[in-house]
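Novice: Please find the sequence and the predicted model below.
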Amino acid sequence: MEPDVSLVETPNEPKRLDGRSRRLFFVSLGVAATIGVAIVASLGAPDFAKASDPPKAPPPPQPLPVQVHVLATESFAPTINGTGELLPNEVVEVSSELSRKLVAIHIQDGQVVKQGDLLFELDRKDLEAQLVRLRVQSRFARASYSRFDSLVTSGSVSKEERDLSRLRLDEAQAMIGELEVQLERTRVTAPFAGTFGLRPMSLGAWVSPGTPLGRLSDVSKLKLDFQLPERYAQLVAPGTEVRFKVDGRPDGFKATVTAIDSAIDRASRSVVVRALVAEPLGLLPGTFASVELVLASRETLFIPSIAVIPSPTGTHVFVEENGKSKQVKVELGQREPNRVEVVKGLAPGAKVITTNLLRIRNGSPVRILTPESPAAAPAKPGSPATPPKKGDGT
């Protein structure tokens with residue numbers, strides 16, 4: 001029996017696709033061709049556009065809306081605030097000039113004394129005994145000199161012997177004068193009228209030169225010492241009025257400048273000014289004072305503090321000129337809470353920009369806002385908003 005040839009499968013003969021498989025194959029081939037054409041079109045379109053269309057110029061920058069402050073001269077009297085200290089008109093630490101025992105006290109704590117009043121007495125018995133001896137020697141030397149002086153005319157003694165006796169007399173009188181000075185130093189008196197403070201020494205204490213026996217102060221007038229910045233040193237002169245306040249006293253006080261120190265302090269770059277308080281009204285020396293000094297009035301310019309831009313190269317502001325911003329370097333003076341004085345760099349009529357300072361640049365176009373104009377035009381409904389550039393701010 002012969003085998004069925006239709007059932008025998010030849011190994012190298014490919015399989016035949018049925019109708020459904022052929023349809024799927026042609027659909028896939030069409031999709032791939034479509035995707036390829038789209039990719040080629042997308043990659044080649046910009047090149048064709050660049051080659052055919054001319055480049056477009058960037059749109060001009062829109063002016064920044066800003067507000068300005070127009071400078072005008074005004075009268076200004078600078079007020080300088082500082083701190084000071086009240087000092088006595090005269091003050092001295094009473095002390096002894098000798099090393100001796102304190103034997104008498106003629107003063108009480110807080111007592112008011114006059115110039116020359118006796119305050120303390122030191123032991124002086126040994127000095128008085130020496131004075132008695134020297135006076136005896138002086139009398140003997142005087143008698144010897146008188147006798148030798150009378151004998152010189154007769155030639156009984158020489159002139160050298162007479163001169164020697166005169167020398168002894170003069171030496172004895174000099175020693176008496178020196179001892180009298182020592183005796184006077186045992187009496188401690190008041191060098192000026194004032195109020196005696198607290199006495200630290202008691203009767204019988206041994207005192208030495210420089211040992212404090214108490215403080216004598218003249219508080220009928222007080223001195224007010226305060227520091228003034230060096231840039232104002234030439235603006236203050238004797239006779240300038242100063243106002244000050246102290247803690248615990250709601251009322252203010254007045255003082256008059258009497259002197260200005262002749263040197264600037266290197267550490268604080270300031271000068272010490274001294275004023276006199278003619279009527280202390282119960283104020284005590286050593287009191288801390290808040291000082292207010294009003295200088296002479298002058299014509300000057302002021303700008304808002306917010307317009308000042310500090311930088312490593314100095315202080316600058318932006319001004320508006322012909323629709324554009326201009327950076328100007330300025331020199332500042334007196335400062336107040338919301339404004340600052342311009343000493344150099346600007347003139348009256350300058351328009352100082354006070355808003356949009358973070359976005360503005362030197363030469364940027366600007367538009368000055370008036371009270372009626374809005375800060376920025378509102379966007380139309382449906383129109384896309386322009387995103388801000390990197391680094392912009394107000």
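Specialist: Received, thanks.
Novice: Do I have it right that residue 114 meets residue 190?
Specialist: Yes. Judged on C-beta atoms under 8 Å, residue 114 makes contact with residue 190 at a distance of 6.8 Å. For the C-beta atoms, the positions are set from N, CA and C on the backbone; glycine is no exception.
Novice: Give me the more crowded residue out of the two.
Specialist: Set residue 114 next to residue 190 and count neighbours by other C-beta atoms under 10 Å: residue 190 wins out with 18 against 10.
Novice: can you pull the contacts of that one?
Specialist: Going by C-beta atoms under 8 Å, 6 or more residues apart in numbering, residue 190 touches 94, 113-117, 119, 196, 216.
Novice: Show me which of the residues you listed are buried.
Specialist: Neighbour-count burial (16 or more other C-beta atoms under 10 Å) applied to the contacts of residue 190 gives 94, 113, 119, 196, 216.
Novice: Please tell me how far the closest residue to the first one other than its chain neighbours sits from residue 156.
Specialist: With C-beta to C-beta, 6 or more residues apart in numbering as the measure, residue 213 is the residue that lies nearest to residue 94, at 4.6 Å, once sequence neighbours are left out. With distances defined as C-beta to C-beta, to the nearest Å, the gap from residue 213 to residue 156 amounts to 58 Å.
Novice: Comparing those two, which residue is more hemmed in?
Specialist: Neighbours were counted for residue 213 and for residue 156 using other C-beta under 10 Å; residue 213 has more, 21 against 11.
Novice: Where does pLDDT dip in the chain?
Specialist: Counting by pLDDT under 70, the chain contains low-confidence residues at 1-55, 371-394.
Novice: Tell me how it divides into domains.
Specialist: 66-75+299-368, 79-87+218-296, 124-185 (automatic domain parsing).
Novice: I'd say residue 141 and residue 165 touch.
Specialist: Yes. Counting by C-beta under 8 Å, residue 165 is a contact partner of residue 141 at 6.8 Å.
Novice: could the domains of the chain go into TSV alongside distance to residue 101?
Specialist: Output for the domains of the chain, formatted as TSV (distance: least, C-beta to C-beta, whole Å):
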stretch	distance to residue 101
domain 66-75+299-368	62
domain 79-87+218-296	30
domain 124-185	10
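Novice: of all those domains, which lies closest to residue 204?
Specialist: domain 124-185 (14.7 Å; C-beta to C-beta).
Novice: Between the two ends of that closest one, how far is it?
Specialist: 9 Å (C-alpha to C-alpha, to the nearest Å).
Novice: Am I right that the residue nearest to residue 94 is in a strand?
Specialist: Yes. Assigned with DSSP: H, G, I helix; E, B strand; the rest coil, residue 213 falls within a strand.
Novice: got the contact list for it?
Specialist: Counted by C-beta under 8 Å, 6+ apart, residue 213 has contacts 94-96, 102, 119-120, 188, 199-201, 207.
Novice: quick one: it and residue 206, what's the gap?
Specialist: 12 Å.
Novice: Could you report the neighbour count for the closest residue to residue 67 other than its chain neighbours?
Specialist: Leaving aside its sequence neighbours, residue 67 sits nearest to residue 355 (C-beta to C-beta, 6+ apart; 4.6 Å). By other C-beta under 10 Å, 18 other residues sit near residue 355.
Novice: Residue 355 and residue 135, how far apart?
Specialist: From residue 355 to residue 135 the distance is 97 Å (C-beta to C-beta).
Novice: Likewise for residue 164?
Specialist: 21 Å.
Novice: Check residue 241 too.
Specialist: 61 Å.
Novice: Please identify which of these two sits among more neighbours.
Specialist: Set residue 241 next to residue 135 and count neighbours by other C-beta under 10 Å: residue 135 wins out with 15 against 11.
Novice: What residues does the closest residue to residue 77 other than its chain neighbours make contact with?
Specialist: Nearest residue to residue 77, sequence neighbours excluded (C-beta to C-beta, 6+ apart): residue 297, at 4.2 Å. Applying C-beta under 8 Å, 6+ apart, we find residue 297 in contact with 75-77.
Novice: now the helices for the protein?
Specialist: 19-52, 125-152, 159-185 (DSSP state H).
Novice: gap between the last one and the chain center?
Specialist: Translated: helix 159-185. 63 Å (C-alpha atoms, centre = their mean, to the nearest Å).
Novice: could you check the angle helix 125-152 makes with that helix?
Specialist: Angle between the axes of helix 159-185 and helix 125-152 is 160 degrees (criterion: axes from the mean of the first three to the mean of the last three C-alpha atoms, to 10 degrees).
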